[in-house]
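S.K.: Predicted model follows, preceded by the sequence.
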Amino acid sequence: MRGSCLCGGVVFEVTPPLRDVVACHCTQCRKQSGHYWAATAVPHDRFRLVEKRGLAWFRASAQARRGFCRDCGAFLFWQPEGEARISIAAGALDGPTSLHIESHWFAEVAGDYYSPEGPPPAATQAETLHGSCLCGANRFSLPGPMGQVWSCHCTQCRKLSGHYAASFDAPEQALHWHARHVTEHRAAGGSTRGFCPDCGSSLYFRAADGSFSIEAGVIDNPTGGQLSQHIFVADKGDYYAIDDGLPQATGGG
Ligand SMILES: [Zn+2]
Ligand SMILES: [Zn+2]
Ligand SMILES: [Zn+2]
């Protein structure tokens, strides 16, 4: 089975069987994916890099390193030190996977705008939102609350996040950058993704018409946000169900 980042700068092959998918809600995975991460895993001898010109690694802790594409920002791999296996973003896999989500890790530190399983909790209060990437090279604030959060299951969002995306609309001028170190990747259709080139955290999306949204997973404090809709569900992965009771649109909603 083959997988890749969005731009093709990283391409890999894995030989089944693949471990069932683990959804991880830890802060590190939430920042890099922009929502939360979902990964399968294989032993090293069943994993092969076909193209690695875009591959960059970020070490958030001594225990593991995190692989992403430096050209498009896709969050792809989690590699524990001293173990002969690699975790791979389920959203990066091409075609049917026949996998399913077997467990949720770090559900107790999931974002406040969604629940790991089931309907989202009631929205909190939030006057000012503070966001940052995993390495700290990007820090910004903007007026809260986050409000409505959209989950996008389109192929671009799935490749970049490693699972699917969640973002909220905000005027771009509302962001106050305390530190800014962003690479922008222009995708097919004229949209732009902003991510940190040092740690691979997903930061924002600017549509071809200039409308702007921020990845919900990079906000550090109570958000005042609530997941409200799923869009492009026709493109969703086969390894998860959308069962939170929220409205679903096959296209852009
Ligand atoms: Zn790429
Ligand atoms: Zn960073
Ligand atoms: Zn999308």
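M.R.: Yep, it's here. Remember, it's a predicted structure, so these values are computed and weren't measured experimentally. Residues are numbered from 1 along each chain as shown. Ligands and ions are numbered 1, 2, ... in the order given.
S.K.: got the contact list for the helix or strand hosting residue 67?
M.R.: Using DSSP states H and E, residue 67 sits in strand 64-69. The set of residues external to strand 64-69 that reach it, using CB atoms under 8 Å, 6 or more residues apart in numbering, is 5-7, 9-10, 28, 32, 54-60, 74-81, 199-200. The way it works is simple: take the backbone N, C-alpha and C, and place the C-beta from them, glycine included.
S.K.: so does it get close to ligand 1?
M.R.: Yes. Strand 64-69 reaches ligand 1 (CB under 5 Å from the ion) through residue 69.
S.K.: A strand includes residue 42, no?
M.R.: Yes. The assignment for residue 42 is a strand, going by DSSP: H, G, I helix; E, B strand; the rest coil.
S.K.: From ligand 2, how far out is it?
M.R.: 27 Å (CB to the ion, to the nearest Å).
S.K.: for residue 148, same thing?
M.R.: With CB to the ion as the criterion, residue 148 and ligand 2 are 27 Å apart.
S.K.: so what's that residue closest to, chain neighbours aside?
M.R.: residue 228 (4.3 Å; CB to CB, 6 or more residues apart in numbering).
S.K.: what helix or strand does the one you found sit in?
M.R.: Assigned by DSSP H and E, residue 228 falls in strand 225-231.
S.K.: Repeat that for residue 31.
M.R.: Counting by DSSP H and E, residue 31 is found in helix 27-33.
S.K.: can you list contacts of that helix?
M.R.: Contacts for helix 27-33 (CB under 8 Å, 6+ apart): 36-37, 60-61, 66, 68, 75, 78, 106, 109-111, 132-134, 161-163, 199-202, 217-218.
S.K.: Among the residues you listed, which are located in strands?
M.R.: 37, 60-61, 66, 68, 75, 78, 132, 202 (DSSP state E).
S.K.: Could you export these as a markdown table, including pLDDT?
M.R.: Output for the ones in strands among the contacts of helix 27-33, formatted as a markdown table (pLDDT from 0 to 100):
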| residue | pLDDT |
| --- | --- |
| 37 | 98 |
| 60 | 87 |
| 61 | 90 |
| 66 | 97 |
| 68 | 98 |
| 75 | 98 |
| 78 | 97 |
| 132 | 98 |
| 202 | 97 |
